[in-house]
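Enquirer: Okay, sequence plus prediction incoming.
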Amino acid sequence: MYNNKKNLDNTIEKLVQEFEKKPNDFNINFSLGLKYCEKADWTNAIKYLEKAKYINPNNVNSHLLLSFAYSDKKDYDNAITLIDNLPINYKTWFLLGKIYNQKGEKNGRNSSKNIKCR
């Protein structure tokens, strides 16, 4: 466990150095957000993922990971809003279900009871 934590900290340190050189690089911001998620440092994860989303608003993965970070920080409204703006697929449904479950709602507004087949 110690070695993994040390490796994660080293990776973050290197990414922060790259961020200082290229603060508007999508990949660096996304990678920092991902690594901070792995560390469960939701404040920093959200900071970098928000920047990644701003740089490339069409990247679905940054929205999903940002929603995950918000939900684990218990900011469910922001997490749900992010997902509501994404195309529906198994990833968005899974994450939305996870968020509503964490929020304590068994029948969220997008639950299967509220969906009509087309």
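Expert: That came through fine.

Enquirer: Does anything pack onto the lengthiest helix in the chain? Which helices or strands?
Expert: In terms of residue count, the longest helix belonging to the chain (DSSP state H) is helix 2-21. Under the contact criterion of 3 or more C-beta pairs under 8 Å, 6 or more residues apart in numbering; DSSP states H and E, helix 2-21 touches helix 26-38. For every residue, glycine as well, the C-beta is placed using N, CA and C.

Enquirer: Average pLDDT for the helix it packs on, rounded please.
Expert: Averaged over helix 26-38, pLDDT sits at 97.

Enquirer: Name the next helix or strand downstream of it, please.
Expert: Toward the C-terminus, helix 26-38 is succeeded by helix 42-55 as the next helix or strand (DSSP states H and E).

Enquirer: ok and that following helix relative to helix 26-38, angle-wise?
Expert: 160 degrees (axes from the mean of the first three to the mean of the last three C-alpha atoms, to 10 degrees).

Enquirer: What is the one helix or strand in the chain whose mean pLDDT sits lowest packed up against?
Expert: One helix or strand of the chain scores below all others by mean pLDDT, DSSP states H and E: helix 90-103, with a mean of 86. Where contact means 3+ C-beta pairs under 8 Å, 6+ apart, helix 90-103 is packed against helix 60-72, helix 76-84.

Enquirer: Single out the most deeply packed of these.
Expert: Counting by mean count of other C-beta atoms under 10 Å, helix 60-72 has the highest mean neighbour count of the helices and strands packed on helix 90-103, with a mean of 21.

Enquirer: Now do that one: everything it contacts.
Expert: Helix 60-72 is contacted by residues 26, 30, 33-34, 36-37, 40, 42, 45-46, 49-50, 52-53, 56, 76, 78-80, 82-83, 85-87, 91-92, 95, 98-99, 102 when judged by C-beta atoms under 8 Å, 6 or more residues apart in numbering.

Enquirer: could you measure F30 against N61, distance?
Expert: Using C-beta to C-beta, to the nearest Å, one gets 7 Å for the distance from F30 to N61.
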